[in-house]
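Colleague: give the three-dimensional model of this entry:
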Amino acid sequence: MLGGLELSASPAAPYAFEPLKASDEASVNELSFKSGQDPNQGNRPTLDIEYEPWYGLQPFMTYEGRQLSDRMDLQVNVANGNAVIHNTDSAIQGTGLNQTIERR
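Modeller: A predicted model of the protein is given here:
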C-alpha cells in the first residue's frame, strides 16, 4: 500500500507497479511506477531536491527582538532559535539621499 493506493506487480513488466483494478475495469488514467531494480537504467526513478536554507530574517516567521545598543539589535526566531544580529556601522544624513552601512 502506497499513500492509500494499493499496488501490484504487473506480469508484463515485473519491475513496474500499477494500481490494482478489477479484471473488467477499464484502464482510464492508469499510472505506473518503475522500480529501482529495473534493469533498464532509463526507467529507474529519480528524485531531485532543491534545498534553500532559511537563514536571516524571513517575513513569514515570528521573531523576538531586543535593542542591544544605539546601533545594534538582536532578533531571535521563536520557532527554531536562530539569531540575527543587525548592526548599523554608519548612518550619514545627506541633503539628497542618506547613506547607511549595515551588517546582518
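Colleague: which residue is the nearest non-sequential neighbour of residue 68?
Modeller: Nearest residue to residue 68, sequence neighbours excluded (Cβ to Cβ, 6 or more residues apart in numbering): residue 74, at 5.6 Å. (C-beta placed from N, C-alpha, C; glycine too.)
Colleague: quick check: the gap between that neighbour and residue 97.
Modeller: 28 Å (Cβ to Cβ, to the nearest Å).
Colleague: equivalent analysis for residue 42, please.
Modeller: In this view, residue 42 and residue 97 are 58 Å apart by Cβ to Cβ.
Colleague: next: residue 52.
Modeller: 32 Å.
Colleague: and the two? which has more neighbours close in?
Modeller: Per other Cβ atoms under 10 Å, whichever of residue 52 and residue 97 has more neighbours is residue 97, with 8 against 5.
Colleague: burial check on residue 57, number of neighbours?
Modeller: 14.
Colleague: also residue 89?
Modeller: With other Cβ under 10 Å as criterion, residue 89 counts 10.
Colleague: may I have the secondary structure class of it?
Modeller: strand (DSSP: H, G, I helix; E, B strand; the rest coil).
Colleague: doesn't residue 83 make contact with residue 75?
Modeller: Yes: with contact defined as Cβ atoms under 8 Å, residue 75 counts as touching residue 83 (7.1 Å).
Colleague: neighbour count: the two, which is higher?
Modeller: Ranked by neighbour count (other Cβ under 10 Å), residue 75 and residue 83 place residue 75 first, with 18 against 9.
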